[in-house]
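K.L.:
sequence plus the predicted model coming up.
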Amino acid sequence: MGKVKLDTPMAIEERSEAEKAARDAIRAMRKSYGEIGLVDVDPDPIIQFQNWLSEAANNSMVVEANAMVLSTSTTESISSRTVLLKDVTSAGFTFFTNYQSHKASEIAANPQVALLFPWYAMERQVMIQGIASKVSAVESDDYFATRPWGSQIGAWASAQSTLLANRADLEERQAAFAAKYPEGSPVPRPEHWGGYIVAPTTIELWQGRYSRLHDRVRYINTDSSTNGGWDIQRFYP
Ligand SMILES: Cc1cc2nc3c(=O)[nH]c(=O)nc-3n(C[C@H](O)[C@H](O)[C@H](O)COP(=O)(O)O)c2cc1C
């Protein structure tokens, strides 16, 4: 293997024909987005979101329609990861996770979070800003009880976001908890596992349109105490 020369960026004219072709192929990844835009929307963003979610769920090109990218931050750090939406009501968007995870520590420091649903196959995305808080223990118990046994045991076995020396350690923990809570018997919810609900402050719908004249429509919560009033505004794409 030859050495890599650092700090000498390759000039454009030094690119080989193959490199130019690769670059041009990336540049050509340009789709003309749909003619169907956001003509009218529901005055209630949650109903509008539920409509889009069910359209995404029924679209075979969309993988995991309820997957969303959750971003959390503190004054020192920022991070993103995918989690699964498990409920949406007028109160907000719910997901489940480990309360001792990295995301949980960032939420504890700063409950302001962002959610992103990237439904590329439909030329759509939904961006949400909101405030995260833990759901009740009863709600977490209810959802935990509906999970498959293997996932329940996994919640016990995984010290999410902490250093794991090797995979065997994880599998040993899985086996130990599987022995403690055999399949068929009820598995209690670990205290360190549960839900968060994100109460939205803004919800933005993005729909790709022709010539990059996309539609952006943002709902802004004007009364966070009740989740009642929403202003609807259009933004330049
Ligand atoms: C499709 C998909 C769905 C996921 N769903 C969840 C989830 O619902 N809850 C969760 O804790 N982690 C989920 N994960 C794993 C997270 O992305 C992440 O790795 C984990 O929560 C640890 O994140 P943290 O260390 O930033 O806290 C999912 C990952 C993918 C790719």
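P.N.:
Received it, and whenever you're ready, just let me know what you need.
K.L.:
show me where the protein has its helices.
P.N.:
17-27, 45-57, 102-109, 137-146, 149-157, 167-180 (DSSP state H).
K.L.:
would you turn these into CSV with mean pLDDT, distance to residue 215 and mean neighbour count?
P.N.:
Using the backbone N, CA and C atoms, a C-beta is placed for each residue, glycine as well. Output for the helices of the chain, formatted as CSV (pLDDT from 0 to 100; distance: least, C-beta to C-beta, whole Å; neighbours: other C-beta atoms under 10 Å):
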stretch, mean pLDDT, distance to residue 215, mean neighbour count
helix 17-27, 87, 25, 10
helix 45-57, 96, 13, 17
helix 102-109, 98, 31, 18
helix 137-146, 98, 34, 14
helix 149-157, 98, 38, 18
helix 167-180, 97, 45, 13
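K.L.:
out of the ones you listed, the one nearest the ligand is which?
P.N.:
helix 102-109 (3.5 Å; C-beta to the nearest ligand atom).
K.L.:
same for that closest one, what does it pack against?
P.N.:
Packing contacts for helix 102-109, counted by 3 or more C-beta pairs under 8 Å, 6 or more residues apart in numbering; DSSP states H and E, involve strand 67-73, strand 78-84, strand 92-98.
K.L.:
would you put the C-alpha positions of it in CSV?
P.N.:
Only the C-alpha atoms of helix 102-109 are listed here, as CSV (Å, rounded to 0.1, in the frame of the first residue of the first chain):
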residue,chain,number,x,y,z
HIS,A,102,-26.3,8.9,26.2
LYS,A,103,-29.5,10.4,24.8
ALA,A,104,-31.1,10.2,28.2
SER,A,105,-28.2,12.1,29.8
GLU,A,106,-28.4,14.8,27.2
ILE,A,107,-32.2,15.1,27.7
ALA,A,108,-31.7,15.4,31.4
ALA,A,109,-29.3,18.3,30.8
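K.L.:
can I get the helices of the chain in a markdown table including distance to residue 76?
P.N.:
Shown next, in a markdown table, are the helices of the chain (distance: least, C-beta to C-beta, whole Å):
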| stretch | distance to residue 76 |
| --- | --- |
| helix 17-27 | 34 |
| helix 45-57 | 32 |
| helix 102-109 | 9 |
| helix 137-146 | 28 |
| helix 149-157 | 28 |
| helix 167-180 | 29 |
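K.L.:
need the residues of this protein near the ligand, please.
P.N.:
64, 67, 79, 81-84, 95-98, 101-103, 160-161 (C-beta under 6 Å from any ligand atom).
K.L.:
let's go with 8 Å and repeat that
P.N.:
Neighbours of the ligand within the chain, by C-beta under 8 Å from any ligand atom: 64, 67, 70, 72, 79, 81-84, 86, 95-98, 101-104, 106, 160-161.
K.L.:
would you mind checking these for buried ones?
P.N.:
For the residues of the chain next to the ligand, a burial check counting by 16 or more other C-beta atoms under 10 Å picks out 67, 70, 72, 83, 95-98, 101, 103-104, 106, 160.
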